[in-house]
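Asks: would you be able to build a 3D model of this:
(chains A and B)
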2 protein chains.
Amino acid sequence: MKICLMGFGAVGQGVARVISLKNDHLNDKYGLDVKIVAVTDTSGAAIAEEGLDPDLLLEIKSKTGKVCDYPEKGISDLDALSVLDQVEYDCLVEVTPTNIQDGEPAKTLMIKAMADKKDVVTSNKGPLALSFSDLIKNAQENDVQFKFEASVGGAMPIINFAQQTLPGCDIESIFGILNGTTNFILSRMTREGSSYENTLQEAQQMGIAETDPTQDVEGIDAACKTVILANSILGMDVTLKDVELDGISRITSESIALAKKEGFLIKLIAEVSSHTLKVSPRLVREGSPYSVEGTLNMATLKTDLADEVTVVGRGAGSIETAAAILSDLVNIWKSK
Amino acid sequence: MKICLMGFGAVGQGVARVISLKNDHLNDKYGLDVKIVAVTDTSGAAIAEEGLDPDLLLEIKSKTGKVCDYPEKGISDLDALSVLDQVEYDCLVEVTPTNIQDGEPAKTLMIKAMADKKDVVTSNKGPLALSFSDLIKNAQENDVQFKFEASVGGAMPIINFAQQTLPGCDIESIFGILNGTTNFILSRMTREGSSYENTLQEAQQMGIAETDPTQDVEGIDAACKTVILANSILGMDVTLKDVELDGISRITSESIALAKKEGFLIKLIAEVSSHTLKVSPRLVREGSPYSVEGTLNMATLKTDLADEVTVVGRGAGSIETAAAILSDLVNIWKSK
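Replies: Below you'll find the predicted structure:
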């Protein structure tokens, strides 16, 4: 399986790393041999029909920051779109940074790959939250596979879980903690009794919250994932603007303490059902599956027969997210 | 898909109920039409090539307690084994009571069905914990499918989850709360500060613990499930006697209070890895996925790439367990 890897930040480098770690094993287990035939970053690209060495790619990137410095195969200032015309490949792995304004350049890249009859795997929330139905339509019309497990909750495999694990049940709604940064902040406020502002600062110092934490703390990141779950699991046709949104920045340590006294925790909960799309702080019961702490993500499926089933996992992390992408590649391979 | 339903207690009746509820829907969704062509209980059997009416079966059972009272199609004193010779069917659904002495009559029924080239679905822990490799060998030699999602954790779909959801990862070990009764008792002791003896009595009054609670509180039920996970997910070849076992009957409210003060809970944890098979009370951190309360079951898979992923669900319940059986039937149908 020849892949074009578009984007070589934390997730893209994670993909190179897991391919280096697991390729021999996947070959033994599934007969799957993943070759990176092209990789791009903002500097340009590296292209090799016979496959680039993932370890060398990682080494070059860590030394010079540019994949175009890959020996003999690097090309500077080549844009990603034209790379897709210059190489034979089977699957686009699109892991450029999330853009929630217009989903670009990811959206155009993915639609081009689909038009060229290539399968697509992405971790990119932007285009999925803005143009889901458009992307699915393109995939269907071109009869290609389109997978995006890594876009929601990194290594919490909620999409495959919902689609494969209990096929005898129907899913009526989904409730989840879909953002690790806010879960970390709320958990720490609960344990330490500290204020929102101080805890956010701590999280920033620890690299868990970004310098501009808006996307996380105002619930925008969770809202993107809410849209992806609504469309992919409940078959809805919604976009980011359909989500009712309330973040955690006004939560006080007093309200958390009050809840705790009664056996409740405050969590930023995403609700997905045919009548409600909402991200907001809510009370959840201690000892319930919603009480997971730290940067963990979780999602509970309310089903018609099996009551509630929940999946919990790491919401982020380079290797963890890459593990979800690798699982999508294996699933595509197995279905052929 | 014609099924023989062997056993018509809580789980068997649940299967009839979910077929009644969902058959039209499954027909629309997957083209799957499940017909119960035979059903047995200790009274005898009911057999109909054209399919028995699941609602009528449930009505008769609740009125007289005997499936052999099914109008025109009932036969008293017919043993299950000979039923398998008297009817055309595709899949045996084996839900007779668990027997951890010798796994009978379930084991003989399943092996006969496999020899007759029929697929088999079971919720029965006994034969799986005692004769797993034997059953798998029979299924493989006869090229039939053998599924048992309902045998571990009712509607907590751990087996499908492990096998399907993250195919890019390898599973290194499993830690779980696999028994709902003991989780209920320990959770309640933690919340109420009550003694083991009083809490067990309460659980018995509520119908959550059995009159003879040995199987649950001494960890035997969890140990059976440990064996099933070891064999089916980690590819081991072990039986019940290989599990190191310690139950919850010596846990005091004092030890629970002491743990709680330090941010820990005491849970009955099953550990499954290539070097350890163990069911024993352990300290787990509050706020971790292991802190789920009540009769919930959970299992955490430690993977090579995705760190820990956890699934949580109802460990028991007639409809919930039947939902897992129905999912096995759908998976068999989809694979054909």
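
Asks: which of the residues in stretch A:224-235 are buried?
Replies: Within stretch A:224-235, the residues that count as buried by 16 or more other C-beta atoms under 10 Å in any protein chain shown are A:224-234. Heads up, the C-betas are built off the backbone N, CA and C, glycines and all.

Asks: how about that stretch, does it reach chain B?
Replies: No - against chain B, stretch A:224-235 shows no contacts by C-beta under 8 Å from any C-beta of the partner chain, the least distance being 11.8 Å.

Asks: and that stretch, how far out from the chain middle?
Replies: Using C-alpha atoms, centre = their mean, to the nearest Å, the mean C-alpha position of stretch A:224-235 is found 13 Å from that of the whole chain.

Asks: contacts for that stretch?
Replies: A:98, A:100, A:125-126, A:128-129, A:132-133, A:136, A:148, A:151-153, A:158-159, A:162-163, A:171, A:173-174, A:176, A:178-179, A:236-240, A:242-243, A:270-274, A:277-279, A:299, A:301 (C-beta atoms under 8 Å, 6 or more residues apart in numbering or on different chains).

Asks: of the residues you listed, keep whichever come out buried.
Replies: Using 16+ other C-beta under 10 Å as the burial test, these include A:98, A:100, A:125-126, A:128-129, A:132, A:148, A:151-153, A:158-159, A:162, A:171, A:173-174, A:176, A:178-179, A:236, A:238-240, A:243, A:270-273, A:277-279, A:299, A:301 as buried.

Asks: for chain B, see how far away the spatially most central residue of chain A is.
Replies: Geometric centre of chain A, nearest residue: A:Ser151, 2.2 Å, by C-alpha atoms, centre = their mean. Here the criterion is C-beta to the nearest C-beta, to the nearest Å. By it, A:Ser151 lies 15 Å from chain B.

Asks: what does the stretch 201-336 of chain A put close to chain B?
Replies: Within the stretch 201-336 of chain A, the residues that sit near chain B (C-beta under 8 Å from any C-beta) are A:286-289, A:291-294, A:296, A:298, A:303-314, A:317, A:319-320, A:322-331, A:334.

Asks: any of the residues you listed buried? List them.
Replies: Restricting these to buried positions leaves A:286-289, A:291-293, A:296, A:298, A:303-314, A:317, A:319-320, A:322-331, with burial counted as 16+ other C-beta under 10 Å.

Asks: look at A:Val309 and give its secondary structure.
Replies: When classified by DSSP: H, G, I helix; E, B strand; the rest coil, A:Val309 comes out as strand.

Asks: if I pick it, what's in contact with it?
Replies: A:Val309 makes contacts with A:165-166, A:300-301, A:303, B:155-157, B:311-314, as judged by C-beta under 8 Å, 6+ apart.

Asks: what bridges to it?
Replies: Note on A:Val309: beta-bridge partners by DSSP bridges are A:Leu301.

Asks: can you check the one 4 residues further on too?
Replies: With DSSP bridges applied, A:Gly313 shows beta-bridge pairing to A:Asn297.

Asks: gap between A:Ala299 and A:Met114?
Replies: Per C-beta to C-beta, to the nearest Å, A:Ala299 is found 27 Å from A:Met114.

Asks: my bad, A:Glu271
Replies: Remark: distance between A:Glu271 and A:Met114 (C-beta to C-beta) = 31 Å.

Asks: how about A:Thr321?
Replies: Distance of A:Thr321 to A:Met114, given as C-beta to C-beta: 22 Å.

Asks: try A:Phe8
Replies: For A:Phe8, the distance to A:Met114 (C-beta to C-beta) stands at 22 Å.

Asks: who has more neighbours, those two?
Replies: The neighbour comparison of A:Phe8 against A:Met114 (other C-beta atoms under 10 Å in any protein chain shown) goes to A:Phe8, with 26 against 23.

Asks: wait, is the more buried one part of a strand?
Replies: No - judged by three-state DSSP, A:Phe8 forms no part of a strand; its state is coil.

Asks: give the contact list for it.
Replies: Applying C-beta under 8 Å, 6+ apart, the residues near A:Phe8 are A:16, A:39-41, A:57, A:61, A:67, A:95.

Asks: which of the buried ones among the contacts of stretch A:224-235 fall in strands?
Replies: Among these, the members found in strands (DSSP state E) are A:171, A:173-174, A:176, A:270-272, A:277-279, A:299, A:301.

Asks: biggest separation within the residues you listed, which pair?
Replies: Of all pairs drawn from those, the greatest distance, 18.8 Å, lies between A:Ile171 and A:Val279 (C-beta to C-beta).

Asks: ends of stretch A:140-157, how far apart?
Replies: By C-alpha to C-alpha, to the nearest Å, the extent of stretch A:140-157 from end to end equals 23 Å.

Asks: ok, now stretch A:302-310?
Replies: So stretch A:302-310: terminal residues 9 Å apart, C-alpha to C-alpha.

Asks: ditto for stretch A:59-72
Replies: Distance between the two ends of stretch A:59-72: 15 Å, counting by C-alpha to C-alpha.

Asks: what about stretch A:303-313, how long is it end to end?
Replies: From its first residue to its last, stretch A:303-313 covers 20 Å (C-alpha to C-alpha).

Asks: any idea how far stretch A:147-160 is from the chain center?
Replies: Distance of stretch A:147-160 from the chain centroid (C-alpha atoms, centre = their mean) equals 6 Å.

Asks: let me see the mean pLDDT of it.
Replies: For stretch A:147-160, mean pLDDT is 91.

Asks: contact partners for the residue in the stretch 101-250 of chain A positioned nearest to chain B?
Replies: At 3.2 Å from chain B, A:Gly168 is the closest residue in the stretch 101-250 of chain A, using C-beta to the nearest C-beta. Listed by C-beta under 8 Å, 6+ apart, the contact set of A:Gly168 reads A:305, B:18, B:22, B:26, B:323-330.

Asks: over to it: give its phi and psi.
Replies: phi -80, psi -10 (degrees, to the nearest 10).

Asks: worst-scoring helix or strand of chain A, pLDDT-wise?
Replies: Least confident helix or strand, chain A: helix A:158-164 with a mean of 90, by mean pLDDT, DSSP states H and E.

Asks: from the contact counts, what lies against that one?
Replies: strand A:171-177, helix A:220-232, strand A:296-303, helix B:158-164 (3 or more C-beta pairs under 8 Å, 6 or more residues apart in numbering or on different chains; DSSP states H and E).

Asks: quick one: the first one to strand A:308-314, angle?
Replies: Our comparison of strand A:171-177 with strand A:308-314, counting by axes from the mean of the first three to the mean of the last three C-alpha atoms, to 10 degrees, yields an angle of 40 degrees.

Asks: what's the next secondary structure element after strand A:171-177?
Replies: helix A:180-192 (DSSP states H and E).

Asks: picking that back up, format the contacts of A:Gly168 as a markdown table; extra columns: distance to B:Met110 and secondary structure.
Replies: Converted to a markdown table, those look like this (distance: C-beta to C-beta, whole Å; DSSP: H, G, I helix; E, B strand; the rest coil):
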| residue | distance to B:Met110 | secondary structure |
| --- | --- | --- |
| A:Leu305 | 24 | coil |
| B:Val18 | 21 | helix |
| B:Lys22 | 25 | helix |
| B:Leu26 | 24 | helix |
| B:Ala323 | 21 | helix |
| B:Ala324 | 17 | helix |
| B:Ile325 | 14 | helix |
| B:Leu326 | 19 | helix |
| B:Ser327 | 19 | helix |
| B:Asp328 | 13 | helix |
| B:Leu329 | 15 | helix |
| B:Val330 | 20 | helix |
